[in-house]
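# Sequence and predicted structure, then a few things I'm wondering about:
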Amino acid sequence: MKHSILFFVIVAALLVSCKDEVLPKPKAMLRLDYPAAEYAKSGSDCVYTFDKNILSEIKESKDCSMVLDYPMMNGSIYLTYKPVQGNLDTLLVDAQKLSYEHVVKADNIAEQPFINQEDGVYGMFYEVSGNAASQSQFYVTDSINHFVTGSLYFYAKPNYDSILPAAMYLQNDIRRIMESLRWKN
């Protein structure tokens with residue numbers, strides 16, 4: 001008799017506890033924490049300097065073009081230097097064309113002008129949202145001698161939601177590059 005009652009209680013508890021209710025999971029976002037950015041002057045023999053994040057590894061080429069590699073984010077900022085030799089219009093059109101090549105996959109491209117009259121640095125920052133190959137593009141120039149373009153790329157298939165935290169972190173680095181860029185004369 002005791003076994004029958006115990007069996008009945010266990011079966012009843014199992015039947016009561018098994019419900020077909022589906023509870024929705026709360027909305028959540030992947031939390032990726034990156035260390036606070038620390039900057040140091042880029043030490044190069046090029047015609048320009050800027051503040052770079054100490055997390056990045058810099059790879060220079062002979063023509064003052066560079067790659068700032070961010071291994072922990074699986075991405076890089078590519079910087080390309082070109083001297084201005086009566087071809088400023090062509091350089092500007094090429095830089096803008098490069099940014100707008102991403103319009104096919106991008107949801108939006110926001111232009112943000114940059115002007116630093118005191119140091120002779122003028123440019124444009126393009127923030128690209130959506131599943132484009134590059135989340136940010138920019139160019140800076142002194143309009144007379146120097147022209148630098150930059151692009152942010154990740155070494156992964158573009159998925160805007162997944163790379164958004166890293167893209168925002170590196171966009172801040174790009175803004176710092178633009179703000180701290182100085183021409184050597």
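Cool, got the structure. Residues are numbered from 1 along each chain as shown.
# State the distance from the closest residue to residue 76 other than its chain neighbours to residue 154.
Residue nearest to residue 76 in three dimensions, not counting chain neighbours: residue 69, with 4.8 Å by CB to CB, 6 or more residues apart in numbering. From N, CA and C alone the C-beta is placed, and that goes for glycine too. Counting by CB to CB, to the nearest Å, the gap from residue 69 to residue 154 is 12 Å.
# Which residue ranges of this structure form helices?
Under the criterion DSSP state H, helices of the chain are mapped to 2-17, 88-100, 160-180.
# what about residue 177, how many neighbours?
Residue 177: 24 surrounding residues under other CB atoms under 10 Å.
# OK, contacts around it?
50-52, 77, 79, 138, 150 (CB atoms under 8 Å, 6 or more residues apart in numbering).
# Give the bridge partners for residue 146, please.
Listed by DSSP bridges, the beta-bridge partners for residue 146 are residue 83.
# How about the contacts made by it?
Counted by CB under 8 Å, 6+ apart, residue 146 has contacts 47-48, 81, 83-84, 183.
# what does residue 44 give?
58, 60, 64, 66.
# Please report how far the residue positioned nearest the centre of the chain lies from residue 64.
Nearest to the geometric centre of the chain sits residue 167, at 2.8 Å (CA atoms, centre = their mean). Look at residue 167 and residue 64: by CB to CB, they are 26 Å apart.
# same thing with residue 74?
25 Å.
# circling back to that earlier point, among the contacts of residue 44, which one lies nearest to residue 34?
residue 58 (18.3 Å; CB to CB).
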